[in-house]
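Novice: Got a predicted structure here, sequence first:
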Number of protein chains: 2
Amino acid sequence: MDGADTARRRPTITDVARLAGVSTQTVSRYLRFNGGLKPATLERVEKAIRELDYRPNLVARSMRTRKTGRLAILMPAMAFNPSRMLAGAGATAQDAGFFVDVVSAGGGVRARSDRLLELADSGQYEGILSLAPVLPAVESKLHQRTAVVISADFDDEMRGIGQLADATPLMRMIEHLAALGHSRFLHVAGDAQFASARARKQSYLETVERLGVESVGVFDGDWSGESGIEAIRSLPSRARPTAVIAANDLVAAGVVRGARERGWDVPGDLSVTGWDNAGVGQFMTPSLTTVDVELEQLGSTAMAKLIAGLRDSAPEMAEGSLFRIVWRESTAEPPAAGRLSRGR
Amino acid sequence: MDGADTARRRPTITDVARLAGVSTQTVSRYLRFNGGLKPATLERVEKAIRELDYRPNLVARSMRTRKTGRLAILMPAMAFNPSRMLAGAGATAQDAGFFVDVVSAGGGVRARSDRLLELADSGQYEGILSLAPVLPAVESKLHQRTAVVISADFDDEMRGIGQLADATPLMRMIEHLAALGHSRFLHVAGDAQFASARARKQSYLETVERLGVESVGVFDGDWSGESGIEAIRSLPSRARPTAVIAANDLVAAGVVRGARERGWDVPGDLSVTGWDNAGVGQFMTPSLTTVDVELEQLGSTAMAKLIAGLRDSAPEMAEGSLFRIVWRESTAEPPAAGRLSRGR
DNA sequence: ACGTAAAAAGGGATCGTTCACTATGGTCCT
DNA sequence: AGGACCATAGTGAACGATCCCTTTTTACGT
């Protein structure tokens, strides 16, 4: 996984000083507070920094200043959702002798990408694992530096681990429903920015095609409950599916709600499946059929890949499926012909 | 907020070497691989380390080895729940010039406490913000070292920020329900390990007392949906509340489910409130009345407190409430006398 | 033109560790 | 006995930045 790419040494403050024709102390002064420099000197320093694309080595700085500028947040590994994945990743990394810091990056893809670059350049990390999509352009900028990046749900052009995006359980669910007699399906997709959303959509289309069952179409949603409702609302009443494959549980909940709005009974008239096994789904009425994902395992595997990449060794892959379909009340046999609730 | 407590300098490898009567290199050798030392020397070094309670300075080590042993995980600030709080905390810290690393700590209180100590002693952090409960004993062990700890939901004996534990919205909800005519309440509490759970329970008891309404009791749960179901199941049929105040949305969903099991209609026979405004609650039937919490704000405030503590200045407190009650379908007027569903 | 003070820039030490060598002393072999 | 070799321990120099202090340059008033 690359890694043998540390071509140029990182420029240091000395390099900058030499290029600018000043002492390191002057450069240091520039870096810490933009004052006390003659305009001419200042410009020379700035130019040198720009030219070398220099960034201070934060480790060396902390060493001298005895300040790290870092705070740690201990995350509860409680019922919270994403922490399950983090917990897995963290454990694996710790076993391998690494500290794991989870840096949260707010904002959109753009902001996240910038943050990623910033982190990579800070020299404080040997590897970065991104669990969120990042702009493809990031990779090229990254290559010259050391940090290795792997992601669980990256853009296709990047090295994705692919497991999160594995959508075979969705295939199985459709097969099972088709075996029960369902013949008209609808898919409400997640945000296409996510590889997992695209994979599920893709898998849906292929499976429907392969089984020769009818598809009412795909509604392009955004993981939100609203998109689930909207998908049902926007359905012309003649094209009424008997089963909806939702991108996740939240969407599925929206779908159920939307169906109820139109007077359709779930699962009497319509079967609905979700994805994630969100805690609440089990207690809804009807309880939600969903896919339980071994998030810890997933996080752990992703981390193992990253570490293997750093060490130029092959990762140990976990065997066995990371997914488990949980059949609950929201799925059942399709309504017998003519026994549909009227609805709208 | 302490901080002026850096009495002793941290012992260095030189101190250890001097005390053991060997060179620093020998100590270093001991630290990196326990070999190549004569048993006698080894013991002297070990004794010195123990005596000084020495721990290697990881910053200096990274500086020399050019390895940080750290990995970063970029967390998606997406629909995930806890990341909202992290996002707020992270933004505030970044504004103040700090890097924020979110370290996830799995396991129980015990493991988390150990991890906290480890982090504090690593010397890599200036402050630590724990969002999860930690053993009270930790505080005393911490005092001698530099790291400042504040938590949003600590044990009472520690400096909690109190805001997460603020349960006034719960009071408001009870008042409102009482005004609607409800007179028999039940509370399903969360894990008593959490200050927020205790605060809600406390607040429930006080409010019920103050308003002079009847309380069927408090069921001590653990934040889980099962505990919600169990609370309803275990209710003798003569002591039937008209409103249940659940510790969070998951519990509330369990309560709704349990009520349905017994043939009680929600909200016809029983009103139910949750807490958290979990995404799915809005799409359940009935949709869940809940308390929406400004998690970003909360995280941000907690972080501001921590930073203020580090700088010995007063934190800027956010004004305005961080809570908003969201009334939805799961709450309504109590059933008119004699118009209860039969149920069991 | 000169002295003086302030501004600007530089020199060298230093933070705590590890690395690449070197210096011991002892053991074993020829 | 002499040397090769190993195990053990020590020396000095980095790593890259900042800090304290000194030196040089500039500005300014007389």
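Specialist: Ah, there it is. Numbers count the residues shown, from 1 in each chain, chains lettered A, B, ... in the order given.

Novice: Show me what the closest residue to chain B within the stretch 1-150 of chain A bridges to in the sheet.
Specialist: Closest to chain B within the stretch 1-150 of chain A is A:D101: 2.9 Å, counting by C-beta to the nearest C-beta. (Each C-beta comes from the backbone N, C-alpha and C, glycine too.) Residues in a beta bridge with A:D101, per DSSP bridges, are B:A72.

Novice: Would you mind measuring from it to DNA strand C?
Specialist: 20 Å (C-beta to the nearest atom of the strand, to the nearest Å).

Novice: model confidence over stretch A:104-118, on average?
Specialist: Throughout stretch A:104-118, pLDDT has a mean value of 74.

Novice: cool, and stretch A:311-323?
Specialist: 73.

Novice: Between the two ends of it, what distance do you get?
Specialist: Start-to-end span of stretch A:311-323 (C-alpha to C-alpha, to the nearest Å) is 29 Å.

Novice: Stretch A:9-22 now?
Specialist: 21 Å.

Novice: Could you list the buried residues of it?
Specialist: A:R10, A:P11, A:T12, A:I13, A:D15, A:V16, A:A17, A:R18, A:L19, A:A20, A:V22 (16 or more other C-beta atoms under 10 Å in any protein chain shown).

Novice: Just say helix, strand or coil for the first one.
Specialist: With DSSP: H, G, I helix; E, B strand; the rest coil as the basis, A:R10 sits in coil.

Novice: repeat for the fifth one
Specialist: Under the three-state scheme (three-state DSSP), the conformation of A:D15 reads as helix.

Novice: any idea how far it lies from B:A197?
Specialist: The gap separating A:D15 from B:A197 is 56 Å, by C-beta to C-beta, to the nearest Å.

Novice: Single out whichever of the buried residues of stretch A:9-22 has the smallest pLDDT.
Specialist: Minimum pLDDT across the buried residues of stretch A:9-22 is recorded for A:R10, with 78.

Novice: Count the residues that sit near A:P315.
Specialist: 17 (other C-beta atoms under 10 Å in any protein chain shown).

Novice: isn't it right up against A:A304?
Specialist: Yes. Using C-beta atoms under 8 Å, A:P315 is in contact with A:A304, at 4.7 Å.

Novice: Got the confidence number for A:S122?
Specialist: A:S122 carries a pLDDT value of 71.

Novice: residues touching it, list them.
Specialist: A:R55, A:L58, B:F99 (C-beta atoms under 8 Å, 6 or more residues apart in numbering or on different chains).

Novice: Helices of chain A, start to end?
Specialist: Along chain A, the stretches classed as helices by DSSP state H are A:13-20, A:24-32, A:39-52, A:58-65, A:82-95, A:109-121, A:137-143, A:168-180, A:195-211, A:225-233, A:249-261, A:295-311.

Novice: I'd like the ones you listed as TSV, with distance to A:I73 appended.
Specialist: Formatted as TSV, the helices of chain A follow (distance: least, C-beta to C-beta, whole Å):
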stretch	distance to A:I73
helix A:13-20	31
helix A:24-32	27
helix A:39-52	32
helix A:58-65	19
helix A:82-95	11
helix A:109-121	16
helix A:137-143	25
helix A:168-180	33
helix A:195-211	26
helix A:225-233	29
helix A:249-261	26
helix A:295-311	17
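
Novice: Pull out the buried residues from the contacts of A:S122.
Specialist: Neighbour-count burial (16+ other C-beta under 10 Å) applied to the contacts of A:S122 gives A:L58, B:F99.

Novice: just to revisit the earlier point, and of the buried residues of stretch A:9-22, the nearest to A:A336?
Specialist: A:R10 (70.6 Å; C-beta to C-beta).

Novice: Surely the closest one and A:N57 touch.
Specialist: Yes. Here A:R10 reaches A:N57: they are 7.1 Å apart, a contact under C-beta under 8 Å.

Novice: Just the pLDDT for A:E139.
Specialist: Reading off the model, A:E139 has pLDDT 66.

Novice: before we move on, what about A:G338?
Specialist: 62.

Novice: How about A:A152?
Specialist: 53.

Novice: and if you look at A:H187?
Specialist: 98.

Novice: Report how many residues lie close to it.
Specialist: A:H187 has 27 nearby residues by other C-beta under 10 Å.

Novice: ditto for A:E206
Specialist: 14.

Novice: Identify the residue spatially nearest to it, adjacent ones excluded.
Specialist: Spatial nearest neighbour of A:E206, chain neighbours left out: A:M171 (7.7 Å); criterion: C-beta to C-beta, 6 or more residues apart in numbering or on different chains.

Novice: Who are the contact partners of that neighbour?
Specialist: A:S203, A:E206, A:T207.

Novice: between these, which is closest to A:T92?
Specialist: A:S203 (27.5 Å).

Novice: how deep is the closest one tucked in, by neighbour count?
Specialist: A:S203 has 20 nearby residues by other C-beta under 10 Å.

Novice: for A:F33, same thing?
Specialist: 8.

Novice: And it, how far from A:L42?
Specialist: 12 Å.

Novice: Tell me how many other residues crowd the residue of the stretch 1-150 of chain A closest to chain B.
Specialist: A:D101: 27 surrounding residues under other C-beta under 10 Å.

Novice: Go ahead and confirm it touches A:L71.
Specialist: No. Using C-beta under 8 Å, A:D101 and A:L71 do not qualify as a contacting pair, with a distance of 10.0 Å.

Novice: Now the common contact residues for those two.
Specialist: Residues touching both A:D101 and A:L71 (C-beta under 8 Å, 6+ apart) are B:D101.

Novice: list the buried ones in stretch A:330-339?
Specialist: So, applying 16+ other C-beta under 10 Å, buried residues of stretch A:330-339: A:S330, A:T331, A:A332, A:P334, A:P335.

Novice: Point me to the residue sitting closest to the centre of chain A.
Specialist: Closest to where the C-alpha atoms of chain A average out (C-alpha atoms, centre = their mean) is A:A132, at 3.4 Å.
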